[in-house]
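*Asks:* quick one, fold the following:
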Amino acid sequence: MNKTFATIIGCLLGGTLMAQEKPSAALYGTGTWDADSLGNHRVVVSVEKPGDAVLASLEWRRRDEDPEKKNLIVVDAKTGQRITNVCRFTVNRERGEVVFQPQTVPGDYYIYYLKNVSGGRRYYPTVTYPPFEETASADWLKANRLTGGRLPSLPKAKVEQYQAINALNSFYPMEVIATRKEKDALLQARPDERYILFTEDRRYPIRMTSDLPCKWMEDNRHDWFEGTADKGEYYTFQLGVWAARTAVSHLRLTYSDLVNATTGATLPASAFTCFNTDGIDVTGTVFTKDCSVPQGKVQALWIGAMVPEQLPAGVYEGTVRVTADGLEEKTVRLSLRVTEQVIANHGDNEPWRHSRLRWLNSQIGFDDEVVAPYIPLTLDEKTVSLLGRKVQLSPDGFPARITSYFQETLTAIGGEGREVLAQPMTLTADGGDWENLDFAVTKRKPATIGWHATNQNSRFLMNLDAQIEADGNMEYKVVLIAREDGTVDDIALRALLAPGVAKYMMGLGEKGGYARPIDWKWDVKKNQDALWTGDVNAGLQLRFYDDRYERPLNTNFYHQKPLHIPVSWSNEGKGGIRMENQSGPTAVSAYSGRRTVKKGDRLCFYFNVLITPFRTINTNKQWHDRYFHGYQFIDQTKAFGATVVNVHHATAINPFINYPFLRTEAMKAYIDGAHAMDMKVKIYNTVRELSNSCVELFALRSLGNEIFSEGPGGGFSWLQEHLDQNYIGAWFVPELKDAAIVNSGVSRWHNYYMEGLDWLLKNVGIDGLYIDDLAFDRMSMKRVRKILNRTNPGAMIDLHSANQYNERDGFANSANLYLEHFPYLDRLWFGEYFDYDLPPEFWMVEVSGLPYGLMGEMLWEGGNKWRGMLYGMTGRNPGYGVDNRPLWNFWDRFGMKDSEMIGYWVSDNPVKTGKDKTLATIYRHKGRKTLISLATWEEQDAAVQLSIDWNALGLDARKVTLHAPAIENFQEEKTWRPDETIVVPKGKGWLIVVE
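*Replies:* I've put the predicted structure just below:
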């Protein structure tokens, strides 16, 4: 821009600003008041001279819509009394005229102009803004000539400051709007430009999409930008695109090298990225993103470049060119001064720098290396061997045999296998049996083996692409191509499970329990697309989807973004899933029903097969890792007897939900203290929702609906006052005013999450994660485990979930919903609203984790401690008054470590009750002693006569006693003879030591 042109624009805009109250840092500040009753914003005005009515002219430049419809309250600053004689004249987004009757003169007055009322649920508030309340007396209005609609001449109140309740709530500077006159002046000064650029520093994220900030009128910076970066820093800045006169389609950016004129050193063009136009998605795939701007709207473009540590200090200059379809090209001159200082971690330690935006494009954890405890896959002909299982493939690429070698105890892998299938799995279709045309291994890595098969029959050509992973997940993408026009009776995946395998089940509208016949239909109102059926040591989950699959939202957000019903499987409501017993084997059929096809039609029948269990259970870890789910002084937690601390959000060192980066020094000090006491600290951090304290929030919002789910807006006042609409309000912490919005199902935010986890491990020293429901996909879960293992091999993950089997959550079984993630977890904590009075088969399938190689804890109302011990479970301290110390002390006295757990489900369990609803699990030190855990589900006290295989225990019945030691809040001391009847109290149980 030449100097003359700049002077003209400056005069046009400057004259407009001079005529009004000029926004400045001194004019905007923070104050202290009761925001819950008065709202988050006020204007401080002063009255110097007495008068019955004074006029406050407020150049408030508000971003909210319809301010004339909202209430305002005037309060005497000295007395705290509300002024009732108040009336309004002009009230719009740019300015307001408020007349009031001062009481204290001279004195200050507060004008609260965004009063709100909170309703709804405590953690999911519904905030509204009540209309203006007419409180002025008729006499006062008449006496001061305020009734005719014309503003009389009145003494003036002086605006001292526009205040927010705190800095987070402040509108200054990027939400203080430019006036219509200022925008008109800008357009007049740039008559030929159909869209106008603004350059902006990273310190001031562009926040508004429907308004220009007044700051831009003052800056008058359109085609140049100057910044300062340290060596090694990932430097970011912004371009704002205002579609002033027309819509802007398909924005694209190109860069020149930045060159130091003195040394000739360069920062190459290849170093630059615009996060709004390009990226790397959650699968590691490079993509181009359409970035278009509707007419009248503002789009932020966030740009970043890595400054090499070796780059000589100095000033580097170059350009960035902006183009859009059919519109003029614009060039912005860049000048970047590189200092002598080398910054740590590329600037990531200081969130305000926005250097972490590059984490959105991270590929950390993308590899085919095996994750412990899994072992490398081996392939022999068409047989794949993996931890505790084998899969033999048919020539057509489908599973022919699946064999599990996990023992019933789940504590070991044996040499004798259990067949899962009674016959090969297949996809049947009209046109006869499949003829295999070719089969080829397409991928052979330690953690993944892939293959392709081409098959045909008279009606279809089949392209099958599949892979198996080291944890037992098989992914099938089967595409059928119609060879002729016609009607098809059915296309179905058929699996026949070996007799006895389908003992239990969950999913598709059925709570966990014993397997039973089902005939289920697709329904978008239900978060159901998978069935698990199996026994404790051999089972399958089948999950069905197609090429349009997007991970839905879960929990109470499900209906905001539900399942995409798979077109081929559902077939306009004709498809479903049927399970029935056929006199021994159990048949599972995912059918699609009758349809008409045209030659060349492509039908995508995708499905996953998860082979359970994934691994053996680790009982010693269960006894050693004693959780305390609460934040308190670490020495107190140590004295309590815990070895693992979970630090929830809304605590002093982790206050903001899913953004644990703003109290890291205090967090590190706490963790260091725990490590000094040989304790571990895990933190709450997941991706379902994100705190409004996230520094990058507005940069993430600039990516459209990529990071956050679209929705109706609303929720807590901060969200309504600072975000344009199109979001879903999520968890809210009243004490901290921490308000979150819902993330989208799968996005680049998961990449950021991975890098954030790596940073926390290396810089803060966390020992793992407490995950409160899972909103990311299976691949992301694997990446999480890899990152943890590679920096802190002892790090742990435990998963909490409330019971989602309800209408709001789409009648999902939490264990079924998250089963694909279970291979990488250490413990389950299920959860609110789980009914621990349901029968043992429900516990086995949905609570215990055992059929999948996991162990867990109970939550809701503390669980049932007697029944829990059948599965090696306790409640978790300190929720619902749980105090595990007496039980922990007993564990240590007995010696739970290295004991052999043999559950009631094991066919040769040496201790049997002879009853279906009173069960016994043992913990055996063979030849020395055994602990018998008894619990009952009977409707009354249960009298049992134990049948004991003394040889299996290695004990002599003539020399032993059955002794229940006193355990506080669990049982009183009692002793029985081996042949004596034991009465198990209703709803309770016993822990009996035999030695």
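*Asks:* how close does residue 154 get to residue 812?
*Replies:* 63 Å (Cβ to Cβ, to the nearest Å). For every residue, glycine as well, the C-beta is placed using N, CA and C.
*Asks:* more neighbours, these two?
*Replies:* More crowded of residue 154 and residue 812, by other Cβ atoms under 10 Å: residue 812, with 25 against 17.
*Asks:* how about the secondary structure of that one?
*Replies:* Three-state call for residue 812 (DSSP: H, G, I helix; E, B strand; the rest coil): coil.
*Asks:* same deal with residue 832?
*Replies:* State at residue 832, reduced to three classes by three-state DSSP: coil.
*Asks:* what of residue 357?
*Replies:* State at residue 357, reduced to three classes by three-state DSSP: helix.
*Asks:* also residue 183?
*Replies:* Residue 183 is classified as helix under three-state DSSP.
*Asks:* wait, it touches residue 212, no?
*Replies:* Yes - using Cβ atoms under 8 Å, residue 183 is in contact with residue 212, at 6.2 Å.
*Asks:* show me what contacts residue 27?
*Replies:* Residues near residue 27 by Cβ atoms under 8 Å, 6 or more residues apart in numbering: 21, 159, 161, 162, 172.
*Asks:* may I ask which of those residues has the most neighbours?
*Replies:* residue 162 (26 neighbours).
*Asks:* that one pairs with what?
*Replies:* With DSSP bridges as the criterion, residue 162 is bridged to residue 28, residue 43.
*Asks:* and the gap between it and residue 195?
*Replies:* Applying Cβ to Cβ to residue 162 and residue 195 gives a distance of 31 Å.
*Asks:* could you do residue 886 as well?
*Replies:* Distance from residue 886 to residue 195, by Cβ to Cβ: 71 Å.
*Asks:* so which of the two has more stuff around it?
*Replies:* The neighbour comparison of residue 886 against residue 195 (other Cβ under 10 Å) goes to residue 195, with 21 against 15.
*Asks:* could you check how far the more buried one is from residue 212?
*Replies:* Distance from residue 195 to residue 212, by Cβ to Cβ: 13 Å.
*Asks:* what residues are shared contacts of the two?
*Replies:* residue 242.
*Asks:* buried residues, stretch 276-288. List them.
*Replies:* By 16 or more other Cβ atoms under 10 Å, the buried positions in stretch 276-288 come out as 276, 277, 278, 279, 280, 281, 282, 284.
*Asks:* coming back round to it: ok, so of the contacts of residue 27, who is nearest residue 645?
*Replies:* The nearest member of the contacts of residue 27 to residue 645, counting by Cβ to Cβ, is residue 172 at 39.8 Å.
*Asks:* looks to me like the closest one is in a helix.
*Replies:* No - assessed with three-state DSSP, residue 172 is coil; it does not lie in a helix.
*Asks:* check the gap between it and residue 517 for me.
*Replies:* Counting by Cβ to Cβ - residue 172 and residue 517 are separated by 65 Å.
*Asks:* over to residue 102?
*Replies:* Counting by Cβ to Cβ, the gap from residue 102 to residue 517 is 79 Å.
*Asks:* more neighbours, these two?
*Replies:* Higher neighbour count among residue 102 and residue 517: residue 102, with 25 against 10, using other Cβ under 10 Å.
*Asks:* quick one: contacts for that one?
*Replies:* 47, 50, 51, 54, 76, 83, 109, 157.
*Asks:* which residues does the fifth one contact?
*Replies:* Okay, so that is residue 76. For residue 76, the contact set (Cβ under 8 Å, 6+ apart) comprises 82, 83, 102, 103, 104, 107, 109.
*Asks:* and those residues, which of them are in strands?
*Replies:* Among those, the ones falling in strands (DSSP state E) are 82, 83, 107, 109.
*Asks:* beta partners of the last one?
*Replies:* Okay, so that is residue 109. If you apply DSSP bridges, the partners that residue 109 bridges to are residue 45, residue 76.
*Asks:* nearest to residue 969, of the buried residues of stretch 276-288?
*Replies:* Nearest member of the buried residues of stretch 276-288 to residue 969, counting by Cβ to Cβ, is residue 282, at 46.5 Å.
*Asks:* once you drop chain neighbours, what's closest to the closest one?
*Replies:* Computed as Cβ to Cβ, 6 or more residues apart in numbering, the closest residue to residue 282 that is not its neighbour in sequence is residue 750, at 4.8 Å.
*Asks:* go ahead and confirm the one you found touches residue 781.
*Replies:* No - the pair residue 750 / residue 781 is not scored as a contact, 9.9 Å apart, by Cβ under 8 Å.
*Asks:* the two: which is more packed in?
*Replies:* Ranked by neighbour count (other Cβ under 10 Å), residue 750 and residue 781 place residue 750 first, with 26 against 23.
*Asks:* just how off-centre is the helix or strand hosting the more buried one within its chain?
*Replies:* With secondary structure defined by DSSP states H and E, residue 750 is part of helix 749-763. Offset of helix 749-763 from its chain centre (Cα atoms, centre = their mean, to the nearest Å): 14 Å.
*Asks:* next: stretch 317-336.
*Replies:* Taking mean C-alpha positions (Cα atoms, centre = their mean), stretch 317-336 and its chain are 36 Å apart.
*Asks:* got the CA positions of that stretch in PDB?
*Replies:* The C-alpha coordinates for stretch 317-336 follow below in PDB (Å, rounded to 0.1, in the frame of the first residue of the first chain):
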ATOM      1  CA  GLU A 317      10.800 -11.100   4.400                       C
ATOM      2  CA  GLY A 318       8.500 -12.800   1.900                       C
ATOM      3  CA  THR A 319       4.800 -13.000   0.800                       C
ATOM      4  CA  VAL A 320       1.700 -15.000   1.100                       C
ATOM      5  CA  ARG A 321      -0.700 -14.900  -1.800                       C
ATOM      6  CA  VAL A 322      -4.500 -15.400  -1.300                       C
ATOM      7  CA  THR A 323      -6.700 -16.600  -4.100                       C
ATOM      8  CA  ALA A 324     -10.300 -17.600  -4.500                       C
ATOM      9  CA  ASP A 325     -12.500 -18.800  -7.300                       C
ATOM     10  CA  GLY A 326     -13.200 -15.900  -9.800                       C
ATOM     11  CA  LEU A 327     -11.900 -13.200  -7.400                       C
ATOM     12  CA  GLU A 328      -8.900 -10.900  -7.300                       C
ATOM     13  CA  GLU A 329      -5.600 -12.300  -6.000                       C
ATOM     14  CA  LYS A 330      -4.200 -10.600  -2.900                       C
ATOM     15  CA  THR A 331      -0.700 -10.500  -1.700                       C
ATOM     16  CA  VAL A 332       0.400  -9.900   1.900                       C
ATOM     17  CA  ARG A 333       4.000  -8.900   2.700                       C
ATOM     18  CA  LEU A 334       5.400 -10.900   5.600                       C
ATOM     19  CA  SER A 335       8.200  -9.700   7.800                       C
ATOM     20  CA  LEU A 336       9.400 -12.100  10.600                       C
END
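*Asks:* which outside residues touch that stretch?
*Replies:* By Cβ under 8 Å, 6+ apart, stretch 317-336 touches 192-195, 197, 199, 223-229, 235, 239, 241, 246, 248-259, 261, 267, 269, 272, 301, 303, 307, 315-316.
*Asks:* quick one: buried residues of that stretch?
*Replies:* So, applying 16+ other Cβ under 10 Å, buried residues of stretch 317-336: 317, 318, 319, 320, 322, 324, 327, 330, 332, 334, 336.
*Asks:* farthest-apart pair in those residues, please.
*Replies:* Going by Cβ to Cβ, the pair spanning the buried residues of stretch 317-336 furthest: 327 and 336, at 27.0 Å.
*Asks:* nearest residue to residue 548 other than its sequence neighbours?
*Replies:* That would be residue 564: by Cβ to Cβ, 6+ apart, it lies 5.0 Å from residue 548.
*Asks:* can I assume the one you found sits in a strand?
*Replies:* No - Residue 564 is assigned coil when assessed by three-state DSSP, not a strand.
*Asks:* that one and residue 544 touch, don't they?
*Replies:* No - between residue 564 and residue 544 there is no contact under Cβ under 8 Å: 11.8 Å.
*Asks:* neighbour-wise, which of the two wins?
*Replies:* The neighbour comparison of residue 564 against residue 544 (other Cβ under 10 Å) goes to residue 544, with 22 against 17.
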